[in-house]
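>>> Sequence and predicted structure are below.
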Amino acid sequence: MTRFLMVITWAAFILGAAIWTQAQGLNSGASFGIIAGLSGAAWGTLHSDLGCGRRCAQ
């Protein structure tokens with residue numbers, strides 16, 4: 001899968017989760033937690049090929 005398709009897939013998944021949390025009537029804290037978690041997972045997935053992590057900043 002190309003990087004572009006991965007980005008589009010994660011974006012669609014995050015937007016879908018945001019719509020779902022609103023439809024379920026979750027409070028803003030719970031919605032934020034779900035979306036922040038998915039955003040972190042997307043970030044980690046999309047930057048996993050760098051193999052650097054926090055060590056490069058030191």
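Perfect, thanks for sending it.
>>> I'd like to know how many residues surround the closest residue in space to L46 that isn't next to it in sequence.
Closest residue to L46 apart from its sequence neighbours, by CB to CB, 6 or more residues apart in numbering: M6 at 6.2 Å. Bear in mind the C-beta positions are built from the backbone N, C-alpha and C, glycine included. The number of residues packed near M6 is 13, by other CB atoms under 10 Å.
>>> Ok, I34 next?
Count around I34 with other CB under 10 Å applied: 16.
>>> so it touches A17, yeah?
Yes - using CB atoms under 8 Å, I34 makes contact with A17 at a distance of 5.8 Å.
>>> now A12: how far from A36?
17 Å (CB to CB, to the nearest Å).
>>> Same question for L15.
From L15 to A36 the distance is 14 Å (CB to CB).
>>> Return the distance of A30 relative to W10.
20 Å.
>>> In terms of neighbours, single out the busier of these two.
More neighbours surround W10 than the other of A30 and W10, with 17 against 12 (other CB under 10 Å).
>>> Look up which helix or strand L38 falls in, please.
Secondary structure from DSSP states H and E places L38 in helix 28-46.
>>> Likewise for L5?
helix 3-24.
>>> Extract the residue ranges of this protein that are flagged as low pLDDT.
49-58 (pLDDT under 70).
>>> spatially speaking, which residue is in the middle of it?
Nearest to the geometric centre of the chain sits S39, at 2.1 Å (CA atoms, centre = their mean).
>>> Quick check, it in contact with I14.
Yes - using CB under 8 Å, S39 is in contact with I14, at 6.4 Å.
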